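A.B. asks: Any chance you can model this:
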Amino acid sequence: MVKLYAGLSGTGKTKEMLRDLDLAVENESGSIVCIEKGNKLRFDVNYKVRLIEYQTYELDGEEDLRAFISGLHAGNFDITHIFLRSIHRLLGTDEPAVMASFCAWCETFGAANGVNFTLTARIDPTLIPAELKKYL
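C.D. replies: Now for the predicted structure:
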């Protein structure tokens, strides 16, 4: 499953993601990972969640993010949920087509490996393409 919270800055995307993260901690038995670029969530994320600051690993773009997530899963098959805050920052672009491509990859990877994804993206609601709307 891929769930996307999309909207402009200040619309509550991170708050909704944190609510889902807390529910996942309560209801899921596997490992939960949260990836962000920066340290905004440091004090908001439950201590049971593996919080990863993306910039530490000097990754750049969609291909690096896919490889990073694949490597995380290869090192821990117990991961049941991955939260990604601000995928536009992680991907290095605001381009809706790139976000849609990444969400499609998450859907395929998640189905094959039993991993759920919850993502946030800063994007104008009027510009959300049909291929992204299915994840909203």
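A.B. asks: Let me see the contact set for N39.
C.D. replies: Taking CB atoms under 8 Å, 6 or more residues apart in numbering, we find N39 in contact with E53. For every residue, glycine as well, the C-beta is placed using N, CA and C.
A.B. asks: quick one: average pLDDT of the longest helix belonging to the chain?
C.D. replies: If you go by DSSP state H, the chain has its longest helix at helix 96-113. For helix 96-113, mean pLDDT rounds to 95.
A.B. asks: now whichever helix or strand comes after that helix: how far from the chain's centre is it?
C.D. replies: Elements were assigned by DSSP states H and E; along the chain past helix 96-113, the next helix or strand is strand 116-122. Centre-to-centre, strand 116-122 and its host chain are 4 Å apart (CA atoms, centre = their mean, to the nearest Å).
A.B. asks: Can you give me the buried ones in stretch 84-99?
C.D. replies: Buried positions in stretch 84-99, judged by neighbour count with 16 or more other CB atoms under 10 Å: L84, R85, S86, I87, H88, R89, L90, L91, G92, P96, V98, M99.
A.B. asks: actually stretch 29-36, sorry about that
C.D. replies: Using 16+ other CB under 10 Å as the test for burial, stretch 29-36 gives S31, I32, V33, C34, I35, E36.
A.B. asks: Might you report the residue contacts of the residue most central in space within the chain?
C.D. replies: The chain has L84 as the residue nearest its centroid, 2.1 Å off, counting by CA atoms, centre = their mean. Residues in contact with L84 (CB under 8 Å, 6+ apart) are C34, I35, E36, L90, F117, T118, L119, T120.
A.B. asks: about what we covered before: contacts for the longest helix of the chain, please.
C.D. replies: Contact with helix 96-113 is made by 1-2, 4, 62, 65-66, 69-70, 73, 77, 87-88, 91, 93, 115-117, 119, 121, 123, 127-129, 131-132, 135, as judged by CB under 8 Å, 6+ apart.
A.B. asks: what angle separates it from strand 116-122?
C.D. replies: Calculated by axes from the mean of the first three to the mean of the last three CA atoms, to 10 degrees, helix 96-113 forms an angle of 170 degrees with strand 116-122.
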